[in-house]
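Asks: fold the following.
(3 chains)
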Amino acid sequence: MDAAAETGGAVARWDSDPVLTVEHLTMRFGGLTAVGDLSFNVGRGDITALIGPNGAGKTTVFNCVTGFYKPTEGRIAMRHGPGRQQAALDALTNSGARWRRSAEGAVFLLERMPDHEIAHRAKVARTFQNIRLFGGMTVLENLLIAQHNPLMVASGFTVGGIIGLPSYRKAEAEAIDRAAYWLEQVRLTERADDPAADLPYGAQRRLEIARAMCTGPRLLCLDEPAAGLNPRESAELNALLKYIRDEHDTSVLLIEHDMGVVMEISDHVVVLDYGVKISDGDAAFVRSDPRVIAAYLGVEDEEEIDVAEIKQDVDQVARRTPRSDAAGDGR
Amino acid sequence: MEYFVQQLINGLTLGSIYGLIAIGYTMVYGIIGMINFAHGDIFMISAFIALAVFLILTSVLGFAFLPVVLLIVLIVAMLFTSAWGWTVERLAYRPLRGSFRLAPLITAIGMSIVLQNFVQITQGARVKPLPPQIQGGVTLLEGMTENGPIAVQLSYMQMIIIVTTLVLMASFTLLISRTALGRAQRACEQDRKMAALLGINVDRTISLTFVMGAALAAVAGLMFLLLYGVIDFYIGFLAGIKAFTAAVLGGIGSLPGAMLGGLLIGLIEVFWSGYFTVEYKDVAAFSILAIVLIFLPSGLLGKPEVEKV
Amino acid sequence: MAGETTPVPAADNRPAGAQAKAESRRAAPHTVPARDPHSLAESVRDAALAALLAGVLGFFFIGLRTDIAPGGLTITTRWTALVVAILVVFAGRLALNLFVFRTRRPVTGRLAAGAAAGAPQLATAAKWLMRGLFVFALVLPFFFITFVPGRDRQFIDLAILIMTYIMLGWGLNIVVGLAGLLDLGYVAFYAVGAYSFALLAQHFDLGFWMALPLAGVLAAMWGLILGFPVLRLRGDYLAIVTLAFGEIIRIVLLNWYQFTNGPDGISGIPKPTLFGLELKRGEGGFADVFGLAYDPIHRFIFLYYIIFVLALITNLVTIRLRKLPVGRAWEALREDEIACRSLGINTRNTKLTAFAIGAMFGGFAGSFFATRQGFISPESFTFLESAIILAIVVLGGLGSQIGVVIASVVMIGGIEMLRNIGFLSQVFGDGFDPVQYRMLIFGLAMVLIMVWRPRGLIATREPSVALKEKKKIGADLVAQGEGH
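Replies: Sure thing, here's the model as predicted:
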């Protein structure tokens, strides 16, 4: 089924140069299989969308990738540096180690790493579906905490910081500069000294992305970044994500329900239903895949539906979405 | 063998008392998610009330028929201790409902200090001995050891304690699972706001939880008084911590768990004293608490907690 | 959907049986007239209920008293005391009802409004208060010597006690206030510090200054040992396990005769020296070398400055740490542990550092306690001590350094002042000893302050860094480390 869903012919970009490969990922909770034998790639420099109906297992995949859950089975490999680095990856898999650096770059086996190491070493950052900011701390503090690990080193693991080494002061100033840069990108400079919990919802979403970017990630995982945003904010988010992809050498993996966002910015879309991949390809391919349509419309038996007609409807909806955005009514 | 059986009986008796106190902890923790630190002292209060009532009945009013006396003592102690439980909740916890987590914990510790010192000031710091009232028992086993003959005794007192605990346990389980109050309680445990929206008087339900916990502690208080015959203002602290340990061991929020935990803590303590050292029996109980929490945080019968990301 | 259901005749669509009864009960007009909760009658009724409750609660405790007498227990009655207690509760509740609870314009409301109006001035006032307090603390011994020469030793001793609690409060504040880890067994580290010094002095003849850092290191090590297994527990569970560890350490100290001398404790702990000089009478003592007349007050002044400097170091280090990545990570941990992990923070190590550093300061304070007393026993390290330290931190306001100072002065100083109230025994008769009410009042104060200000006395958080200007953060936004 997987093979059939691929865009046939030439090997896709995300298969030849993936930053992240998920292979045969299975996650069971007791008797429930939330994700079953899932394999997909996230291309380097792509925005990859993971979509699917509610309860399809998208967030579970995210939690496995970022180390919050330990997958029951499967391999999740993260790569720094170009190409598949298959030899290094296989050697690493057999060695039992968690990661390996080489001349080509580095490979990481995320299923073996604890969550904080995934963020710290493998450079995978994430946001949360229900925003998790440090509400009682200021916006700026939130962004400095994201730079904890380099600052820890600069402060000589606190010892140097206590005696007030000048090198730490310099490092902190740089960290503040980096925070200020991201504040500007998400238009929150004015609110830098306000507590994060005081920000409006949309600003909190942006701050969470800025915070994740302050860790200097190679892969940014966003869990429903457009949820609860109004159309104008949604459009801004699209621009921000494209900017992150194009200017910061960061690949993006996102879960999203807003098809307007998905179709507009995604280079690659993976569709899940009941924990199983049902489609995988670029936006145009997925949009016209009858299995996707069936999953979204909840039809039991694929044969019964008139694919052409539904495709037309979906196209219409997809085309209409940006237009209603322009009307600019709130959430 | 005989020694073992005797320790088993002693452990079950002590465990029953811990279990009765533990129910108060577990119900309160289940419904408002706080450690009611003053609960051990409510138990201590009840023992003092029971002692006073007992003395009034026997030495002032001259009643002699022990079963009736004990029944009256039990009822009066339960009523008055319930009033204490209700008042503590009303004064120290209700004003902080929905407040920050640490605030009720601090008022609970404060209340515990208040109750201890109140009793110390009004009743004096010296221990109050009460001569054993229920004597005798049945001999279950007889045997020989190298130190001489040994007999396994099940005293009437121990029988009363174990039977009373079983009866109370059964009736409380029925109360929680069958009555409207029990339903209200379980609803408040799940979601207090939603329960209030559905017309449950949350404040009253919580108050009643405290009252029930205090009433059970009163039973435990009377049993403790009769079994050990010595009480002072400080008995609540250790008994309280061990009962809380029992509640956690059994799985906090679970009534059968509290009882099971109580029995286990009682057994551990008695066996440790019997076979190892008396001095370190509390260390054994506390170590069990730490080990259980570290390796089995949801306790023996509790629901496992799933980390939500 | 509607088309599929069979239409029901309107006549049949009526409730029946129990449901009908419930419906009619609901439909019945509520004839109970609404009472005006603000009326005088209501206030009196409520106060009478409170008085009745006081009577019920006090009956067996104030009204009766059991005592040991020859031939068993006797019971004595004290009805006057019970009546007085009931009247006091009635009058107190009535006054509260009339002026606070059941009036449309409560006194407290007006006070709060007044305080809110003066908030900006209050902030600057607080800053000046802090500086004032610091200067006062700096000259405190000389202040007392000059102004209350007769009782200076007593006051300086009280200041030493308060300063010890301030230091312990600051140490615990790192664990509870910053990292949000509820520690009910902090006294364990205090005990480790005290016993480390006492035993090092006994067996290796180490002086205070040599033993102090070692005691801190040992306490920090115990912090790591105890912290390692328990730090993945959350909230109340962590609290109860730390309490258990505190008790375990106390019981071990109590029963390990060969090592700790059990309940008899360790005596003869050496006094601290000033650059090798002992503060003693006669040849080679401090007074002798400097050509001063020997006065035992010198030793009190010296002890005061030791604890003052130790506390000051605790405070300065904490303030520094808050601005370092590790301190920010502690606070972030308190706010949201999962988010911390997603940002690459090793939460276990971060918690352990908080635990170890807090324990270290507890160990320092413990060493000081040992050298000040000259004698230690497990008696001094009960759970009550942990509870008092935690109460100081929470009552002062979690994470607030000045809050700890205020709470220590109020709770420790205020309670100790009871010893000095002579006039009360004139009111209540000679048998009245205010000291025995100390802990009762302490507990009541804990409850009242928490009910009045659940967030503590100083409830704002100062950001550790600012882009333009620092704005205080209201307590309602700051988390207390509730787990998730």
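
Asks: please make it C-alpha for all contacts and neighbour counts, starting now.
Replies: Will do.

Asks: where in the stretch 201-331 of chain A is pLDDT low?
Replies: Scanning the stretch 201-331 of chain A for pLDDT under 70 picks out the ranges A:297-331.

Asks: what about the helices in it?
Replies: A:201-214, A:231-247, A:259-265, A:283-287, A:290-297, A:307-327 (DSSP state H, counting those that start in this stretch).

Asks: give me the helices and strands touching the second one, please.
Replies: Judged by 3 or more Cα pairs under 8 Å, 6 or more residues apart in numbering or on different chains; DSSP states H and E, helix A:231-247 is in contact with strand A:251-255, helix A:259-265, helix A:307-327.

Asks: may I have it exported as PDB, CA atoms only?
Replies: Once non-C-alpha atoms are left out, helix A:231-247 reads as follows in PDB (Å, rounded to 0.1, in the frame of the first residue of the first chain):
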ATOM      1  CA  PRO A 231      -7.200  34.200   8.900                       C
ATOM      2  CA  ARG A 232      -4.800  37.100   9.000                       C
ATOM      3  CA  GLU A 233      -2.600  35.500  11.700                       C
ATOM      4  CA  SER A 234      -2.800  32.300   9.700                       C
ATOM      5  CA  ALA A 235      -1.400  34.000   6.600                       C
ATOM      6  CA  GLU A 236       1.400  35.500   8.800                       C
ATOM      7  CA  LEU A 237       2.200  32.100  10.100                       C
ATOM      8  CA  ASN A 238       2.600  30.800   6.500                       C
ATOM      9  CA  ALA A 239       5.000  33.500   5.800                       C
ATOM     10  CA  LEU A 240       6.900  32.800   9.000                       C
ATOM     11  CA  LEU A 241       7.200  29.100   8.300                       C
ATOM     12  CA  LYS A 242       8.400  29.700   4.700                       C
ATOM     13  CA  TYR A 243      11.000  32.200   6.100                       C
ATOM     14  CA  ILE A 244      12.200  29.700   8.600                       C
ATOM     15  CA  ARG A 245      12.500  27.000   5.900                       C
ATOM     16  CA  ASP A 246      14.300  29.300   3.400                       C
ATOM     17  CA  GLU A 247      16.500  31.400   5.600                       C
END
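
Asks: quick check: buried residues in it?
Replies: A:P231, A:E233, A:S234, A:A235, A:E236, A:L237, A:N238, A:L240, A:L241, A:K242, A:I244, A:R245 (16 or more other Cα atoms under 10 Å in any protein chain shown).

Asks: could you report the neighbour count for A:A91?
Replies: 12 (other Cα atoms under 10 Å in any protein chain shown).

Asks: please apply the same query to the one 3 residues further on.
Replies: Other residues near A:N94 come to 8 when the count uses other Cα under 10 Å.

Asks: quick one: pLDDT of it?
Replies: Note on A:N94: pLDDT of 82.

Asks: strands along the stretch 351-484 of chain C, start to end?
Replies: Here the stretch 351-484 of chain C has its strands, by DSSP state E, counting those that start in this stretch, at C:375-376.

Asks: do chain C as well
Replies: C:64-69, C:72-77, C:266-267, C:375-376 (DSSP state E).

Asks: also the stretch 1-150 of chain A?
Replies: Counting by DSSP E, counting those that start in this stretch, the strands of the stretch 1-150 of chain A are A:18-29, A:32-43, A:47-51, A:73-80, A:99-101, A:106-109, A:124-126.

Asks: for chain B, find the nearest of the ones you listed.
Replies: strand A:18-29 (10.4 Å; Cα to the nearest Cα).

Asks: what angle sits between that closest one and strand A:32-43?
Replies: Here strand A:18-29 points in a direction 180 degrees away from that of strand A:32-43 (axes from the mean of the first three to the mean of the last three Cα atoms, to 10 degrees).
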